[in-house]
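Asker: my questions are about this predicted structure, shown below with the sequence.
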Amino acid sequence: NAGVTQTPKFRVLKTGQSMTLLCAQDMNHEYMYWYRQDPGMGLRLIHYSVGEGTTAKGEVPDGYNVSRLKKQNFLLGLESAAPSQTSVYFCASSFRPLQETQYFGPGTRLLVL
Amino acid sequence: AQSVTQLDSHVSVSEGTPVLLRCNYSSSYSPSLFWYVQHPNKGLQLLLKYTSAATLVKGINGFEAEFKKSETSFHLTKPSAHMSDAAEYFCVVSEGTYKYIFGTGTRLKVLA
């Protein structure tokens, strides 16, 4: 039981390049989330999904897209990376939303030059 | 609207002394409250959560937190700090939806 895994662990991009971050969970959770963590700001929600085939915007969605084609996977895409997207990205999942513990992956460190 | 304030960005304690990490929240409803810990270059791990049962919540690794509605606080404590407790701690509030509101974190340093 691996929990929540993220690929890649670290990536360097040039401005304008695109990439996809992959999140996978093996706990059969319905809800999945993408956050970004910046110094002094805690974690902020980018997008989330309440089930296979559904996604919704979070607090800071601009510049990102997501897809949830399979229940266990949640992809975060950057179509045209900008230096402001330099951050650490965390994926999380939970079985239900109400008062429910979220389980976090180990993070992806992204540097955009 | 929900909000979370972690009152100290950095806390230093000596090994073997008590730990107090302070968290105040604002919520319109009966919230759920969580404390997560993040060790360097790692993901977040749940320490404990409050979901309207007992107001004193015990978590992993000897941590506990007390929900005080009158003070809108949810402070995290541990009687005796260990070197392995050095990490960043996040207080989180949720009002029964998917949405977590994170505090800005408190970095705990444990001195030998």
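Answerer: Cool, the structure landed. Numbers count the residues shown, from 1 in each chain, chains lettered A, B, ... in the order given.
Asker: need the strands for chain A, in chain order.
Answerer: A:4-7, A:10-13, A:19-25, A:31-37, A:43-51, A:54-57, A:65-67, A:73-78, A:87-94, A:103-104, A:108-112 (DSSP state E).
Asker: a markdown table for those, including mean neighbour count and distance to chain B?
Answerer: Heads up, the C-betas are built off the backbone N, CA and C, glycines and all. Listed next are those as a markdown table, based on neighbours: other CB atoms under 10 Å in any protein chain shown; distance: least, CB to the nearest CB, whole Å:
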| stretch | mean neighbour count | distance to chain B |
| --- | --- | --- |
| strand A:4-7 | 18 | 7 |
| strand A:10-13 | 14 | 10 |
| strand A:19-25 | 19 | 11 |
| strand A:31-37 | 24 | 6 |
| strand A:43-51 | 21 | 5 |
| strand A:54-57 | 14 | 9 |
| strand A:65-67 | 17 | 14 |
| strand A:73-78 | 20 | 13 |
| strand A:87-94 | 24 | 6 |
| strand A:103-104 | 21 | 4 |
| strand A:108-112 | 18 | 8 |
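Asker: partner residues bridging the one residue sitting closest to the centre of chain B?
Answerer: In chain B, the residue lying closest to the centroid (CA atoms, centre = their mean) is B:W35, at 3.7 Å. Beta-bridge pairing for B:W35 (DSSP bridges): B:L48, B:C91.
Asker: give the contact list for it.
Answerer: Residues in contact with B:W35, defined by CB atoms under 8 Å, 6 or more residues apart in numbering or on different chains, are B:21, B:23, B:46-49, B:59, B:63, B:65, B:74, B:76, B:89-92.
Asker: can you list the residues of chain B near chain A?
Answerer: B:4, B:9, B:32, B:34, B:36, B:41-46, B:49, B:51, B:90, B:94, B:96-100, B:102-105 (CB under 8 Å from any CB of the partner chain).
Asker: for PyMOL, what selects the buried ones among these?
Answerer: In PyMOL, this line selects whichever of the residues of chain B next to chain A come out buried by 16 or more other CB atoms under 10 Å in any protein chain shown:
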select buried, chain B and resi 4+32+34+36+43+44+46+49+51+90+94+98+100+102+103+104+105
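Asker: among the residues of chain B next to chain A, which are in strands?
Answerer: B:V4, B:S32, B:F34, B:Y36, B:L44, B:Q45, B:L46, B:K49, B:F90, B:S94, B:F102.
Asker: correct me, but the third one touches B:V92?
Answerer: If I follow you right, that is B:F34. Yes. In this structure B:F34 lies within contact range of B:V92 using CB atoms under 8 Å: 4.2 Å.
Asker: now do the shared contacts for the two.
Answerer: Residues touching both B:F34 and B:V92 by CB under 8 Å, 6+ apart: B:Y100.
Asker: from the contacts of B:W35, pick the one nearest chain A.
Answerer: B:L46 (5.4 Å; CB to the nearest CB).
Asker: the closest one contacts B:Y36, doesn't it?
Answerer: Yes. Using CB under 8 Å, B:L46 makes contact with B:Y36 at a distance of 5.8 Å.
Asker: with mean pLDDT and distance to B:S84 added, can I get the strands of chain A in CSV?
Answerer: As requested, those are arranged in CSV below (pLDDT from 0 to 100; distance: least, CB to CB, whole Å):
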stretch, mean pLDDT, distance to B:S84
strand A:4-7, 95, 23
strand A:10-13, 96, 25
strand A:19-25, 97, 27
strand A:31-37, 94, 22
strand A:43-51, 92, 23
strand A:54-57, 93, 38
strand A:65-67, 97, 35
strand A:73-78, 97, 31
strand A:87-94, 94, 22
strand A:103-104, 92, 19
strand A:108-112, 96, 23
